[in-house]
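Colleague: next comes the sequence, and after it the predicted model I'd like to discuss.
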Amino acid sequence: MIDSGTRAERPLVILGPTASGKSALAMEIARMVAGAELVSIDSMQVYRGMDIGTATPSAAEREEVPHHLIDVVEPSVGFTAGEFQRLARDVLADVVARGGVPVLVGGTGLYLRAVIDDLEIPGRFPDVRRRLDTDPDTGLLHRRLVSLDPVAASRMEPTNRRRVIRALEVTLGSGRPFSSFGPGLETYPPNRFVQVAIHRPRPDVDARIAARYHRQMADGFLDEVVRLSASGLGPTASQALGYRELAAHLEGEGTLDEALHKAIRRTCRFARRQERWFRRDPRVNWVEAPVGADAVLAVWDEVRATRT
């Protein structure tokens, strides 16, 4: 076990595309660092009951090492980056106050930036959102966003209704472009966090994504979606990778194999967008997989020493 020393002053962040091995690496590190506690930076692991499809750490892992920001809200409830930011601030302060060492792990880029860069998160404008929700044409809404905030529009899929509507809600409700909030996602100011990202070749990531889906199906992913659909999935949770495709299959849209193929393909595209997001940040230290905890700890200490 490695002494925590002053590591808590510059917390470690383990990031990378989905299925790159972040969680396993974070657990390995936590076993070596005295007082380490893992803080999930995953926009879907905050939802209760979505354990299989989001690859939530097992009960045994959570018993062995404290985990935070997992199973926070019901899937029927909407949850925002601003709410996550507030919870994460409280968690980090609490871990450090107890003498622990927070290790952040996850792949939700916006949530991560909200925490480490203290982004200014725009408010809610429910009346504007209700009006936008009445328009069923997501493509048309995206084209409207292109005309109002082309920067924000370029950062999302035209078919991602939840994100398109949120960007329009803020742009129309606040009178400011959605992309203008905070210091700007294109700005990478110095901060106290040490970011380490896992890199794997794309074919390797694609193969790992497919293999994980097949394991999840064997573990009861479809049954999980059946149960969650019966109790109600909110607009955010219903768009989760894999859940959307399996829910569509349950509603009669195509075969199970077709749904699984769509989920794998969408997740592979998502992994590429994740890597592009993280590659834009010059503060990220990339390591080639396979990588062990010792190598990451060496990066953590080196970066911490050079920036102290």
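Modeller: Ah, there it is. Keep in mind the model is a prediction, meaning the values are calculated, not measured. Numbering: from 1, shown residues only.
Colleague: run through the bridge partners of residue 198.
Modeller: For residue 198, the beta-bridge partners under DSSP bridges are residue 287.
Colleague: how about the helices in the protein?
Modeller: For the chain, the helices defined by DSSP state H cover 22-32, 59-64, 81-97, 109-116, 126-133, 138-148, 150-154, 161-174, 202-218, 221-231, 243-250, 256-279, 293-307.
Colleague: nearest residue to residue 238 other than its sequence neighbours?
Modeller: What sits nearest to residue 238 in space, not counting adjacent residues and going by C-beta to C-beta, 6 or more residues apart in numbering, is residue 244, at 6.3 Å. Every residue, glycine included, has its C-beta placed from N, CA and C.
Colleague: now do the same contact list for residue 55.
Modeller: Neighbouring residues of residue 55 by C-beta atoms under 8 Å, 6 or more residues apart in numbering: 23, 212, 216.
Colleague: how about 7 Å then?
Modeller: Applying C-beta atoms under 7 Å, 6 or more residues apart in numbering, we find residue 55 in contact with 23, 212.
Colleague: got it, and residue 125?
Modeller: By C-beta under 7 Å, 6+ apart, the residues touching residue 125 are 169-170, 173.
Colleague: mind running it again at 6 Å?
Modeller: Shown in contact with residue 125 (C-beta atoms under 6 Å, 6 or more residues apart in numbering): 169, 173.
Colleague: same check on residue 168?
Modeller: Contacts of residue 168 by C-beta under 6 Å, 6+ apart are 132, 145.
Colleague: next one: the one 3 residues further on
Modeller: In this structure, residue 171 makes contact with 148-149, 177-178, judged by C-beta under 6 Å, 6+ apart.
Colleague: mind doing that once more with 10 Å?
Modeller: Residue 171 makes contact with 122, 125, 128, 144-145, 148-149, 152-153, 177-180 under the criterion C-beta atoms under 10 Å, 6 or more residues apart in numbering.
Colleague: relative to residue 163, how far out is it?
Modeller: Noted for residue 171: a distance of 12 Å to residue 163, by C-beta to C-beta, to the nearest Å.
Colleague: again, but for residue 27
Modeller: When C-beta to C-beta is applied, the distance between residue 27 and residue 163 equals 31 Å.
Colleague: ditto for residue 283
Modeller: When C-beta to C-beta is the yardstick, residue 283 and residue 163 sit 25 Å from each other.
Colleague: look at those two and report which has more neighbours.
Modeller: residue 163 (21 against 16; other C-beta atoms under 10 Å).
Colleague: nearest residue to that one in space, please, no chain neighbours.
Modeller: Nearest in space to residue 163, with sequence neighbours left out and distances taken as C-beta to C-beta, 6+ apart, is residue 156 at 4.4 Å.
Colleague: quick one on the thing from earlier: wait, which of the helices of the chain is closest to residue 46?
Modeller: Among the helices of the chain, the nearest to residue 46 by C-beta to C-beta is helix 81-97 (6.8 Å).
Colleague: show me what that closest one is packed against.
Modeller: If contacts are counted by 3 or more C-beta pairs under 10 Å, 6 or more residues apart in numbering; DSSP states H and E, helix 81-97 sits against strand 36-40, strand 67-68, strand 101-105, helix 109-116.
Colleague: buried set for that helix?
Modeller: Residues of helix 81-97 classed as buried: 81, 83-85, 87-88, 91-92, 95-96 (neighbour count, 16 or more other C-beta atoms under 10 Å).
Colleague: quick one: average confidence on it?
Modeller: Taken as a whole, helix 81-97 carries a mean pLDDT of 95.
Colleague: what inclination does it have with respect to helix 109-116?
Modeller: An angle of 50 degrees separates the directions of helix 81-97 and helix 109-116 when computed by axes from the mean of the first three to the mean of the last three C-alpha atoms, to 10 degrees.
Colleague: any stretches of the stretch 51-200 of the chain with poor pLDDT?
Modeller: Along the stretch 51-200 of the chain, the parts satisfying pLDDT under 70 run over 182-184.
Colleague: okay if I get the helices of the chain as TSV plus distance to residue 40?
Modeller: What follows is the helices of the chain, written out as TSV (distance: least, C-beta to C-beta, whole Å):
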stretch	distance to residue 40
helix 22-32	9
helix 59-64	10
helix 81-97	9
helix 109-116	9
helix 126-133	27
helix 138-148	29
helix 150-154	26
helix 161-174	20
helix 202-218	17
helix 221-231	18
helix 243-250	18
helix 256-279	15
helix 293-307	18
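Colleague: give the contact list for residue 91.
Modeller: With contact taken as C-beta under 10 Å, 6+ apart, residue 91 is in contact with 37, 39-40, 68-69, 102, 104, 115.
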